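>>> Based on what follows, work out the 3D shape:
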Amino acid sequence: MKSWIRLSGTIAIAASLSGSLLAGCSTGKQQGAAETGKKQPIELVFYQTGNADWKEEDFMKNYGDYIKQKFPYITPKFVPVPASKSMEGLISGGQQFDILIFSIGHTHLNLLRNDFQYDLTDLIKKKNVDLNRFEPFTIQQQKEIAGGGIYGLPLSNTSPVIMYNKDIFDKFGVPYPKDGMTWDEIYNLAKQVTRNDNGTQYYGFLASPEHFLKTNQFSAPFIDPKTLKPAFDNPKMMTFLDNLKRFYQLIPPPDGKPLAGGFFASTAQSNMFAKDKTLAMWSHFSNAALNFPEDLNWDYAAMPYFKELGAGGPQAYPGYIYISKTSKYKDDAMDVLQALTSDEFQTIRSKTGVESALKNPDIKKTFAQDLPKYKGKNINAIFPQTYAAPAPLTEYNDLAWKRLNTAVGDIGRGQKDIVTAVREASELLAKDIEAEKPKK
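Below you'll find the model as predicted:
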């Protein structure tokens, strides 16, 4: 995940971690907390991707203060990621980790590739962890990755949604997008607001390609998990790409030149929507709104659906919390995992704009209650009634995403047709995978 936008869990929750905390968590007995007086002090080392700018105080506000309150004998230590050093660089330098926090997109890249995975099945039984509390797809995804086991507990969730600028729609007298629309209906709205007005070009719809593709509603894989061959050319993915292409075709090329790279990059799209205010509709994860300026007149609409699929949401993009196989304190670490996935803590996070991976509807109702900019917003749009099934993942998906992103740019600029762009991307990905295999 690009560091320009913060994933779930990056909003400070220190104000909520005062004496107002409820007395107990709702995930079953907290083994470590009850025995605090008998425990010897220990240190648990945490590592998290997706927050390259985090410092120790950021981690403490988001997680550490809560952990200290629940388990005074535990000292949480956060290892920031310096810009000059990767996780592998930290490991080679002798750094040890106890608890790891990764989005699903980083799980293969950082957890499995570095051989940190540890099956929690026995600890889940020992601690009476109720997996039925979580959204089913989050557990299904873990079991698929772990071959029937489970490496991590769902810590957060997010999925794409449409954010739209009300002022642009008002300016041109076009009705707002709403929940339950088809992609054809969204396309018709995009056509109506893609205009040049007194020298200012307005654009109808853009989507962050990386996030859009990862959560595609067809659950189309990027790589065949059995053969490890590229799967870009499967019919479902081709349909998904064709749908995206038509939105780029609405955009007039500047002076007859191909579209600039910014039309295919999250940062530039964010600026077009929130800063320049020239983009009418933007699809990204819902927490992109955390960075919106206060004067932006915006709202949410649910992701549209494909007629052939029927009403239903995209895939989700959960964040998970893992225990490293190298940890000497797995039992204590599991107590921490229970605390951070409790109803209590998940409610605190939800109020700060972090989507919970729990099914509890009461927690979902608290979403962003502490953030004034969300007042009156269509919060229901970010919680699909049904999510698309998780597509199969492999340890090479990060290579696949990069190749397909490039292909989307070529397609969107009109430089290559879909068949050619996908074929070439597949050929390059096959070479990438072969080059990566010896490193395992």
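
>>> sec struct for Asn216, please.
coil (DSSP: H, G, I helix; E, B strand; the rest coil).

>>> Compute the number of surrounding residues for the residue lying closest to it once chain neighbours are set aside.
The shortest distance from Asn216 to any non-neighbouring residue, by C-beta to C-beta, 6 or more residues apart in numbering, is to Phe240 (4.9 Å). In this view, the C-beta of every residue, glycine as well, is placed from N, C-alpha and C. Here the number of neighbours of Phe240 (other C-beta atoms under 10 Å) works out to 19.

>>> ok so Phe240 is a helix residue?
Yes: secondary structure of Phe240 (three-state DSSP): part of a helix.

>>> For Thr75, what are phi and psi?
When quoted as degrees, to the nearest 10, the phi and psi of Thr75 stand at phi -110, psi 110.

>>> residues touching it, list them.
Each residue near Thr75 by C-beta atoms under 8 Å, 6 or more residues apart in numbering is listed here: 41-44, 68.

>>> So which of these is the closest to Ala389?
When those are compared for distance to Ala389 (C-beta to C-beta), Leu44 wins out at 34.0 Å.

>>> Buried residues, the helix or strand containing that closest one. List them.
In this assignment (DSSP states H and E), Leu44 forms part of strand 42-48. The neighbour-count check on strand 42-48 (16 or more other C-beta atoms under 10 Å) flags 44-48 as buried.

>>> Is it possible to get a markdown table of the residues you listed that adds distance to Asp224?
Listed next are the buried residues of strand 42-48 as a markdown table, based on distance: C-beta to C-beta, whole Å:
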| residue | distance to Asp224 |
| --- | --- |
| Leu44 | 38 |
| Val45 | 36 |
| Phe46 | 35 |
| Tyr47 | 31 |
| Gln48 | 31 |
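
>>> Mind putting the residues you listed into a markdown table with pLDDT and distance to Leu393?
Below are the buried residues of strand 42-48 laid out as a markdown table (pLDDT from 0 to 100; distance: C-beta to C-beta, whole Å):
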| residue | pLDDT | distance to Leu393 |
| --- | --- | --- |
| Leu44 | 97 | 27 |
| Val45 | 94 | 26 |
| Phe46 | 94 | 24 |
| Tyr47 | 88 | 20 |
| Gln48 | 85 | 20 |
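
>>> what element comes up after the strand holding Leu44 heading to the C-terminus?
helix 56-59.

>>> between the contacts of Thr75, which is nearest Arg413?
Closest approach to Arg413 among the contacts of Thr75 (C-beta to C-beta): Leu44, at 48.1 Å.

>>> show me what contacts that closest one?
The contact partners of Leu44, by C-beta under 8 Å, 6+ apart, come to 67, 74-77, 98-99, 327, 329, 332-333, 336.
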